[in-house]
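Participant: I'll drop the sequence and a predicted model, then ask my questions.
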Amino acid sequence: MAMVMIFSGGYGVATGGPLAWGLCYKKEMSPSKSYCDDDYKYTFPCTPGVEYFGRGALPIYWNYNYGEAGEALKVDLLNHPEYIEQNATLAFQAAIWRWMTPVKKQQPSAHDVFVGTWKPTKNDTLAKRIPGFGATMNVLYGDSVCGQGDVDSMNNIVSHYQYYLDLMGVGREEAGPHEVLTCAEQEAFNPSSSSSSSSSSSS
């Protein structure tokens, strides 16, 4: 999947390198789909002509995420997801909502994982989900970057994280070893409906 998880303006030969450009865009530049999941047609139906690609400071995707964020923030994001790219305050409110809110009950939020308050269950351990930055990516992006080995989309996020650790003088060694830093081998907390339907059809 060619999803742009970090909206960076950098590229390989950009002045200062691809990481020095930081987070430049407020929306996904080349969405490969509209991110409308009909499984939510009764709770968060897709609005005709509206696309739910990634937008914001911590991008949210899919109609159900725009619907849930909109309910929490009391803004009609289901019908107007573009509000996130038009209003910086709303973009950061949506980012904080996504960071602090578990996708499902009995799951950690990205914040819980990142600050170390999440303790993996036996099922988490069997799914190779362990505390660290990798599990934080797993909460936020699931199987769009995790469980696929060392793919570019995951490595791009890890590289940005390490770059910002360097800028803050924290030191990359504090991020932990490869299996903690990445989610290459982790099963997704919340598999996307397209991957779960394809895996169920192949079983």
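Facilitator: Good, I have the coordinates.

Participant: the closest residue to Phe92 other than its chain neighbours: neighbour count?
Facilitator: Distances taken as Cβ to Cβ, 6 or more residues apart in numbering put Ala57 closest to Phe92, at 5.1 Å, once the chain neighbours are dropped. In this view, the C-beta of every residue, glycine as well, is placed from N, C-alpha and C. Ala57: 19 surrounding residues under other Cβ atoms under 10 Å.

Participant: equivalent analysis for Asn123, please.
Facilitator: 9.

Participant: what sits up against the helix or strand where Trp97 lies?
Facilitator: Following DSSP states H and E, one finds Trp97 within helix 88-100. For helix 88-100, the surrounding residues in contact (Cβ atoms under 8 Å, 6 or more residues apart in numbering) are 26, 55-58, 60, 65, 69, 72-73, 75, 77, 83-85, 109-111, 140.

Participant: so among the residues you listed, which ones count as buried?
Facilitator: Among these, the ones that count as buried by 16 or more other Cβ atoms under 10 Å are 26, 55-58, 60, 65, 69, 73, 75, 77, 83-85, 109-111, 140.

Participant: among those residues, which are located in helices?
Facilitator: Asn65, Ala69, Leu73, Tyr83, Ile84, Glu85, Ala110, His111, Leu140 (DSSP state H).

Participant: surely the last one meets Gly56?
Facilitator: No - look at Leu140 against Gly56 with Cβ atoms under 8 Å: they stay out of range, at 12.0 Å.

Participant: run a quick neighbour tally on Gly134.
Facilitator: 27.

Participant: now Tyr40: phi and psi?
Facilitator: In terms of degrees, to the nearest 10, the main-chain angles of Tyr40 are phi -110, psi 20.

Participant: list the contacts of it.
Facilitator: The neighbours of Tyr40, taking Cβ under 8 Å, 6+ apart as the test, are Asn63, Tyr64, Gly67.

Participant: try it again at 7 Å.
Facilitator: Tyr40 makes contact with Asn63, Tyr64 under the criterion Cβ atoms under 7 Å, 6 or more residues apart in numbering.

Participant: stretch 121-134 - what's its average pLDDT?
Facilitator: Taken as a whole, stretch 121-134 has a mean pLDDT of 96.

Participant: list the buried ones in that stretch?
Facilitator: Neighbour counts over stretch 121-134 (16+ other Cβ under 10 Å) mark Asp124, Ala127, Lys128, Arg129, Ile130, Pro131, Gly132, Phe133, Gly134 as buried.

Participant: in helices, which of these appear?
Facilitator: Using DSSP H, the members of those that fall in helices are Asp124, Phe133, Gly134.

Participant: fine, thanks again, bye for now.
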